[in-house]
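**Student:** Coordinates for the following, if possible.
(one chain, ligands or ions: 2)
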Amino acid sequence: MVYLVTGGAGFIGANFVKYLLKKHNDIKIIVLDNLTYAGNLGTIKEDLEDPRLIFVKGDIKDPEIVNDIFERYPIDYVVNFAAESHVDRSIENPQIFLETNILGTQNLLDIAKKHWSTGKDDKGYPTYKEGVKYLQVSTDEVYGSLGETGYFTEETPLDPRSPYSASKTGADLIVKAYGETYKMPVNITRCSNNYGPYHFPEKLIPLIIKNILEGKQLPVYGDGSNVRDWLYVEDHCKAIDMVLLKGRKGEVYNIGGHNEKKNIDIVKLTISTISRFMKEKPEYRKVLKKEEGDLSWICDELITYVSDRLGHDQRYAIDPSKITRELGWSPETKFEDGIVKTIRWYLENQDWVEEVTSGDYQKYYEKMYGSR
Ligand code: NAD
Ligand code: DAU
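**Tutor:** Ligands and ions are numbered 1, 2, ... in the order given. Coordinates of the predicted model:
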């Protein structure tokens, strides 16, 4: 099988590439990524040595590049991870979110349709090569925000509230439209918050880890009571592969970890886990950027409550029973284990953190959080 994985140098896309290379022998993967601030070739450095992987630097909006890929390689699957993915950035600059997330998706669909169609049926609908599929990686944020109870199911009405989630909803709708109008074989997956290795340190968990190691304050938006439903990234990758191979055409599948946590609890757990690691394994102390002392400074006093995110969604929680029932997927990594693995990975991969934050990260940080 030949996969076109867009956004494969980003957090989830790179984890997906690693998952595929481990899981399947007889595959070819073309990664298309234009290496924005969030994409880093270092993330898939070792994978690039694998003859099954080919990297193409380019924009999903560029018809020539995408067309060229389809002409060179017999693509069976498109998995579209490429996106502007950070809610806070979408509040600052919505336009690029619409361009990449909506127009980029439409461009991929159009070119896949052109290369995959084999003719027309008696009603005039295009017919397609056997076994091909387009999978759109979407988000639970398209459903909006929950109160204290209830879960998002695939039937929950779409109700996006940030420029990011509105752009992801627009993309979902154009995917659905190609599924209905042109009968293209498509799936949409909607996932909750991922965490794990290679998560860019603008997102909550890796930002908190980075700041603790630097002895900086830990910015918690509002009162910290917002709830996210955390899923270990490898469990997400497994779910996507299952939807690709076994998902019913045209269907949406929600993917979630049954793992709701308040932001403040995540931050406190990260502090206490790092503090414990530093005591149990003194060799980790070399990554601290602040004078060690007695380490008592690694404590909840680092937390600082800052102005809330505009339009901050209160709670996300996924009901993943459809994918469990139909495809047999369920999350395997308990949060308590996943967060320990994640923190250990960051302690042991500070070179990666330094590499991905060497560009404009500092400017971004100061703009968003000031010089705390
Ligand atoms: P990310 O920001 O870490 O990575 C995005 C990747 O896309 C980067 O490598 C970037 O260079 C690339 N990219 C951006 N614009 C591009 C363009 N125009 N052409 C080609 N490549 C481009 O994002 P992520 O967290 O890995 O998320 C991947 C996908 O999963 C996104 O579609 C996101 O909406 C969705 N998602 C993310 C989460 C999460 O918790 N991170 C949860 C649910 C859904
Ligand atoms: O739910 C899936 C979504 O999860 C994905 O679609 C997005 O691409 C992904 O970025 C993520 O969005 P969130 O906005 O939920 O993730 P983020 O890590 O930015 O924030 C998680 C929560 O933590 C959120 O309630 C805001 C809060 N937060 C975040 C940051 C960066 C803080 O309190 N302080 C911070 O500094």
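**Student:** centre of the chain versus stretch 221-231, how much separation?
**Tutor:** In terms of CA atoms, centre = their mean, to the nearest Å, the centre of stretch 221-231 is found 17 Å from the chain centre.
**Student:** Same check on stretch 212-231?
**Tutor:** With CA atoms, centre = their mean, you get 18 Å for stretch 212-231.
**Student:** Please apply the same query to stretch 235-249.
**Tutor:** Stretch 235-249 sits 15 Å away from the centroid of its parent chain (CA atoms, centre = their mean).
**Student:** does the residue lying farthest from the centre of the chain count as helix, strand or coil?
**Tutor:** Relative to the centre of the chain, the most outlying C-alpha is that of D122, 40.1 Å out, by CA atoms, centre = their mean. Three-state call for D122 (DSSP: H, G, I helix; E, B strand; the rest coil): coil.
**Student:** Give me the pLDDT for it.
**Tutor:** pLDDT, D122: 98.
**Student:** same check, this time on Y3
**Tutor:** At Y3, the pLDDT value in this model is 98.
**Student:** N80 too?
**Tutor:** You'll see N80 listed with a pLDDT of 99.
**Student:** Skipping adjacent residues, who's closest to it in space?
**Tutor:** The spatial neighbour of N80 that comes closest, neighbours along the chain excluded (CB to CB, 6 or more residues apart in numbering), is T6 at 5.0 Å. Using the backbone N, CA and C atoms, a C-beta is placed for each residue, glycine as well.
**Student:** what does the stretch 201-350 of the chain put close to ligand 2?
**Tutor:** When proximity is defined by CB under 6 Å from any ligand atom, the stretch 201-350 of the chain lies next to ligand 2 at K203, L204, L207, P219, V220, Y221, N226, R228, N263, R309, Y316.
**Student:** Give me the phi and psi for the fifth one.
**Tutor:** Phi and psi for V220, reported as degrees, to the nearest 10, are phi -110, psi 120.
**Student:** Cross-check the contact I'm expecting between it and I264.
**Tutor:** Yes: shown here, V220 and I264 form a contact pair, counting by CB atoms under 8 Å, at 6.0 Å.
**Student:** Settle it for me: which of the two has more neighbours?
**Tutor:** Taking neighbours as other CB atoms under 10 Å, V220 and I264 compare with V220 leading, 22 against 18.
**Student:** give the contact list for that one.
**Tutor:** Listed by CB atoms under 8 Å, 6 or more residues apart in numbering, the contact set of V220 reads N263, I264, V267, I303, T304, Y305, V306.
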